[in-house]
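**Q** Here's a sequence, model it:
(chains A and B)
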Amino acid sequence: MRTLVFIPAWNEEASIAGVIADVRKSLPEADILVVDDGSADATSERAREAGVLVASLPFNQGLGAALQTGYLYALRNGYDACAHLDADGQHPAEEVARLLAEVTSDRADLVIGSRYHAGAVAATGDYRPTFSRRIGTSVFRFFLTLATRQRFTDTTSGMRAANRRVMALFSQHYSPDFAEIESLQLAVRQGLRVEEVPVRMLERAGGSSFLTPVRSAFFIFKGLVVLLVGQFRPRQAEPEQ
Amino acid sequence: MTSLLAATGEPGQVHLTSQTRIVAAVIAVFFMLLILDLIRRDRLQERYSVIWFVAGAGMLAGAAFPGLLELVADLMGVRDTNVALFSIVLLLLLGLALNFSVIMSRQAAQITRLAQERAIEQAKQQAEQPNGNGSGQQVLEPKEKRL
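**A** Predicted coordinates:
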């Protein structure tokens, strides 16, 4: 069972080495790939110094494109399972290991680490979402649940684990603008087994969230349009693996 | 284009003076020459030029045969020729703008895939370097050359 853990990173030179060390500790068997999304700082140098593979996009393409690069790499290089986590240190690697266990034991095709899932709340304590984030979260939760008829609590989680069926799908179709939400909708529509697992997340180690109230409103509006359009998207033929 | 519409007046009548017709025809000819020149200097691909040629030809035809405009307006059920002309041009431009958005989206997707392929190729080379074991966990020289 070969496993790839990839970390999309954009200007995360301060935290990337710590995240890599954390993944090494919790998942010593896994290969690690940092997808550098056109960082202007020394993110890719830090990652190479830490001795992991680096895939550098020549210019910033957005989180969706960076994640897709990871899925494509995993698919092309014959990995059986892959997982990704944020590069800012919010995601403890031991939690990623639990997601991967769900995939490798074939209980699900795609596993999402949820901050808000019942069970996570008790364990969390460290993670306090801002007001605008809470609104956005509940709006997306409602509409995604409506669209997929499956209950999702953490729609924008960037901590996921996946098997080859998901790699094949996401390396072909992955929204560059609205990666997290549209990908969940797509996976459910394709008949994949998507599962949420409660996880513990930490406060950001460095940097600040990109969400301001105005941006949040626009973000939510865009997300709803994407979801609506996604409902009318034709089902894709099962891609070759 | 406005010179084509210089005349205003009673609906159903074509009021282009010979002066405006000449100006419009000259503009149309220059427009088509410009397109030709852009193609000649590789600034415009042939496949994107056809529509502009059609537009230029339409302009020329409208200037040469003002009766055409009236005929089209009649077919559209519009009494004012000017309104008909405006509607046609507006719809044409709307269609063109949409067409460009579609082309732009396709090219954006192509550029993204190209960037991804390059990034993956780079990581693969890194994995295949002789000092590595191929598993991606090898330590590299700190000063890796960046592109």
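**Q** going forward, measure contacts and count neighbours with C-alpha atoms only.
**A** OK.
**Q** what pLDDT does residue 123 get?
**A** I'll assume chain A. At A:Ala123, the pLDDT value in this model is 48.
**Q** hmm, I had chain B in mind actually
**A** Model confidence at B:Ala123, expressed as pLDDT, equals 93.
**Q** Just confirm it is within a strand.
**A** No: counting by DSSP: H, G, I helix; E, B strand; the rest coil, B:Ala123 is not found in a strand; it is helix.
**Q** Pull the contacting residues for it.
**A** By C-alpha atoms under 8 Å, 6 or more residues apart in numbering or on different chains, the contact list for B:Ala123 reads A:Leu53, A:Val54, A:Ala55, A:Ser56.
**Q** same thing but at 10 Å, please
**A** Applying C-alpha atoms under 10 Å, 6 or more residues apart in numbering or on different chains, we find B:Ala123 in contact with A:Leu33, A:Val34, A:Val35, A:Val52, A:Leu53, A:Val54, A:Ala55, A:Ser56, A:Tyr73, B:Glu117, B:Gly136.
**Q** so which of the residues you listed is the most crowded?
**A** Taking other C-alpha atoms under 10 Å in any protein chain shown as the neighbour criterion, A:Val35 ranks highest of those with 33 neighbours.
**Q** lowest-pLDDT helix or strand in chain A?
**A** Across the helices and strands of chain A, mean pLDDT, DSSP states H and E gives its lowest value to helix A:120-124, namely a mean of 51.
**Q** got a list of contacts for the next helix or strand after it?
**A** For helix A:120-124, the following helix or strand on the C-terminal side (DSSP states H and E) is helix A:131-148. With contacts defined as C-alpha under 10 Å, 6+ apart, helix A:131-148 is touched by A:116, A:128-129, A:149-156, A:181-182, A:184-189, A:209, A:211-217, A:219-221, A:223-224, A:227-228, A:230-231.
**Q** remind me which residues of chain A are low pLDDT?
**A** Scanning chain A for pLDDT under 70 picks out A:118-130, A:203-211, A:237-241.
**Q** rerun that using 80 as the cut-off
**A** A:116-137, A:175-179, A:203-213, A:215-216, A:219, A:234-241 (pLDDT under 80).
**Q** any chance you could map the helices in it?
**A** For chain A, the helices defined by DSSP state H cover A:16-26, A:43-49, A:63-76, A:93-104, A:120-124, A:131-148, A:164-172, A:179-189, A:213-231.
**Q** Tell me what angle the first one forms with helix A:93-104.
**A** Interaxial angle, helix A:16-26 versus helix A:93-104 (axes from the mean of the first three to the mean of the last three C-alpha atoms, to 10 degrees): 50 degrees.
**Q** who's in contact with the residue positioned nearest the centre of chain A?
**A** For chain A, the residue nearest the mean C-alpha position is A:Gly158 (2.9 Å; C-alpha atoms, centre = their mean). Counting by C-alpha under 10 Å, 6+ apart, A:Gly158 touches A:7-8, A:63, A:67, A:83-87, A:90-91, A:112-114, A:179-180.
**Q** So which of those is the closest to A:Pro198?
**A** Comparing those against A:Pro198 with C-alpha to C-alpha places A:Ser114 closest, at 4.8 Å.
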